[in-house]
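A.B. asks: Prediction below, plus the sequence it came from.
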Amino acid sequence: MIIDFHTHIFPPEIRNQREKFFKGEPAFELLYGNPRSKMVGAGELVDKLTKCGVDKAVVFGFPWESASVARMHNDYVLDASKRYPDFLIPFACSGLSTAEGINELKRCASLDFRGIGELAFYTDDDSTK
């Protein structure tokens, strides 16, 4: 069995209006600020997995600083895994710099997610320097 263990999927509202999500999200802008940076939705990913002979993918959103965006993205990932249960293994994802982000991960732990990740630190926001 072949499993891709690190795949970001994005809901249409983020894929279609990525610039709207840059404010307050320097890591997202760093990685997806270039319009040529590709983002994929669940359906497109499943099509690609099938064409390439990959059996499953562990999927997650992005470590958003905004807990409301993280929640929306996590809900998309969980819904996608229910639409494609034979292909997608859902992991929850949220930023860790606020209590709201931690609470979002706690919420997700009570749902049908299979794990938590990606835990990422894309920018240096250490204010003690």
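C.D. replies: Yes, it's here. Numbers count the residues shown, from 1 in each chain.
A.B. asks: Every contact and neighbour count from this point should use C-alpha atoms.
C.D. replies: Will do.
A.B. asks: So residue 8 is in contact with residue 62, correct?
C.D. replies: Yes - taking contacts as Cα atoms under 8 Å, residue 8 lies within contact range of residue 62: 7.1 Å.
A.B. asks: More neighbours: the two, which one.
C.D. replies: Neighbour totals were compared for residue 8 and residue 62, and residue 62 leads with 22 against 19 (other Cα atoms under 10 Å).
A.B. asks: separation between the more buried one and residue 1?
C.D. replies: From residue 62 across to residue 1, the span is 26 Å (Cα to Cα, to the nearest Å).
A.B. asks: In this protein, what residue spans correspond to strands?
C.D. replies: Along the chain, the segments classed as strands by DSSP state E run 3-8, 56-60, 88-92, 115-116.
A.B. asks: most packed of those?
C.D. replies: strand 88-92 (a mean of 26; mean count of other Cα atoms under 10 Å).
A.B. asks: sorry, back to before: quick one: the strands of the chain as CSV, columns for distance to residue 28 too.
C.D. replies: Shown next, in CSV, are these (distance: least, Cα to Cα, whole Å):
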stretch, distance to residue 28
strand 3-8, 12
strand 56-60, 14
strand 88-92, 17
strand 115-116, 19
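A.B. asks: any chance of these in TSV, with distance to residue 25 and mean pLDDT too?
C.D. replies: Below are the strands of the chain laid out as TSV (distance: least, Cα to Cα, whole Å; pLDDT from 0 to 100):
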stretch	distance to residue 25	mean pLDDT
strand 3-8	16	96
strand 56-60	17	98
strand 88-92	18	98
strand 115-116	20	96
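A.B. asks: out of the ones you listed, which comes closest to residue 31?
C.D. replies: Residue 31 lies closest, by Cα to Cα, to one member of these: strand 3-8, at 11.9 Å.
A.B. asks: tell me what that closest one is packed against?
C.D. replies: strand 56-60 (3 or more Cα pairs under 8 Å, 6 or more residues apart in numbering; DSSP states H and E).
A.B. asks: Can you give the strand pairings for the strand it packs on, parallel or anti for each?
C.D. replies: The strands beside strand 56-60 in its sheet (DSSP bridges) come out as strand 3-8 (parallel), strand 88-92 (parallel).
A.B. asks: which residues are contacting the last one?
C.D. replies: The list of residues contacting strand 88-92 from outside it, by Cα atoms under 8 Å, 6 or more residues apart in numbering, reads 46, 56-61, 74, 77-78, 80-81, 105, 108-109, 112-118.
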